[in-house]
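**Q** Provided below are the primary sequence and the corresponding predicted coordinates.
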Amino acid sequence: MDVNIRHTTDQDYPALISLYHEVAKISGGIIRTDREIDFDYISMFIENSMKKGLSLAAEIDNRVVGEIHAYTPELYAFRHMLSDLTIVVHPEFQNQGIGKTLFMKFLEIVQKDFLHILRIELYVREENSPIVKFYESLGFINEGRQKNKILNALNELETPLHMAWFNPSFNGISN
Ligand SMILES: CC(C)(COP(=O)(O)OP(=O)(O)OC[C@H]1O[C@@H](n2cnc3c(N)ncnc32)[C@H](O)[C@@H]1OP(=O)(O)O)[C@@H](O)C(=O)NCCC(=O)NCCS
């Protein structure tokens, strides 16, 4: 199975809306619900990632089967970070190494081209322990629990972990 990793473009909107719908339908994954996946959400993160962050797509036979993105928050004080990192792989293609390939390429590009970025931040559900371990294997550090921050679609409270990765190539100079 040949996986092609490339930068996302604004031509990818329809494929990404469909991909995020497929992933959001399965509970316990991304925090956003299926109802919250729409053109506005996809265009918001693609535009932000193009302007001040990074978004990569994973393709198999020209079909987008995965995506990862993160971007710098608005406040000047946070110009050295990429936050709210989100990664999805289509349910039919999960557990086949695509997420790992996508994430490793993302971190490789940050180390090579994003020297002004020190921190990358994400949230992960505490009970999603295989994924917590996956992020730890990539170098993410558990920065703590945010007790009951999530009230999920079933009205159950959940506790996410805040995790961060530190860029060894950070040079302290912002663009
Ligand atoms: C999380 C996600 C992006 C991982 O992508 P993937 O292609 O399935 O992951 P990979 O096959 O590359 O596996 C990466 C690692 O996680 C582990 N892993 C992934 N899913 C797993 C599962 N359901 N159970 C056990 N281990 C799992 C793999 O064993 C692998 O470990 P390794 O590095 O020791 O080999 C994907 O499962 C997904 O889209 N899930 C739903 C959305 C989601 O949870 N996003 C993250 C929100 S924070």
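**A** Happy to help now that I have it. Only a predicted model underlies this, so the values are computations on that prediction, with no experimental measurement involved.
**Q** show me where this structure has its strands.
**A** Per DSSP state E, the chain carries strands over the ranges 4-7, 53-60, 63-71, 81-89, 119-125, 141-145, 150-151, 157-158, 160-166.
**Q** next, format those as TSV and append mean pLDDT.
**A** What follows is those, written out as TSV (pLDDT from 0 to 100):
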stretch	mean pLDDT
strand 4-7	98
strand 53-60	98
strand 63-71	98
strand 81-89	97
strand 119-125	96
strand 141-145	97
strand 150-151	93
strand 157-158	94
strand 160-166	97
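**Q** distance to residue 25 added to those strands, as TSV?
**A** For glycine as for every other residue, the C-beta is placed from the backbone atoms N, C-alpha and C. As requested, the strands of the chain are exported to TSV (distance: least, C-beta to C-beta, whole Å):
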stretch	distance to residue 25
strand 4-7	25
strand 53-60	19
strand 63-71	16
strand 81-89	12
strand 119-125	16
strand 141-145	27
strand 150-151	18
strand 157-158	18
strand 160-166	20
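**Q** burial count for the residue in the chain positioned nearest to the ligand?
**A** Using C-beta to the nearest ligand atom, the single residue of the chain nearest to the ligand is residue 99, 2.1 Å away. Counted with other C-beta atoms under 10 Å, residues neighbouring residue 99 total 19.
**Q** that one touches residue 138, doesn't it?
**A** No: using C-beta atoms under 8 Å, residue 99 is not in contact with residue 138, being 10.1 Å away.
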